[in-house]
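Novice: only geometry, no sequence info:
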């Protein structure tokens, strides 16, 4: 029997449209490779490629792919709920 995995999705963060993400990547590529193409410098193009690879690697390191069991998901949800309630100002204060 396969174990049941639950993915906790946090919708508090703003969703960015896909076209905007693609536009940002195109601008990044143009910034990294554009100067090398304009001055016809292979070395500058390679430097842009290396910076691009380093950035992609850092993005992969920063992304999380947490697969949780039911117990782990309940614990994680409790932690998120506790954090949320601790940040909410009390309505009883004057």
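Specialist: Nice, I can see it. None of the values given here were measured: they were computed from a predicted structure. Numbering: from 1, shown residues only.
Novice: I'd assumed residue 54 was in a strand, is it?
Specialist: No. Looking at residue 54 with DSSP: H, G, I helix; E, B strand; the rest coil, it is helix, so not inside a strand.
Novice: return the distance of it relative to residue 27.
Specialist: Relative to residue 27, residue 54 is positioned 18 Å away (Cβ to Cβ, to the nearest Å). Yep, even glycine has a C-beta here, placed from its N, CA and C like the rest.
Novice: buried residues in the helix or strand bottoming out on mean pLDDT in the chain?
Specialist: When the helices and strands of the chain are scored by mean pLDDT, DSSP states H and E, helix 70-87 comes last with a mean of 85. Across helix 70-87, burial judged by 16 or more other Cβ atoms under 10 Å covers residue 73.
Novice: which other helices and strands contact it?
Specialist: Packed against helix 70-87 by the contact rule (3 or more Cβ pairs under 8 Å, 6 or more residues apart in numbering; DSSP states H and E) you find no helix or strand.
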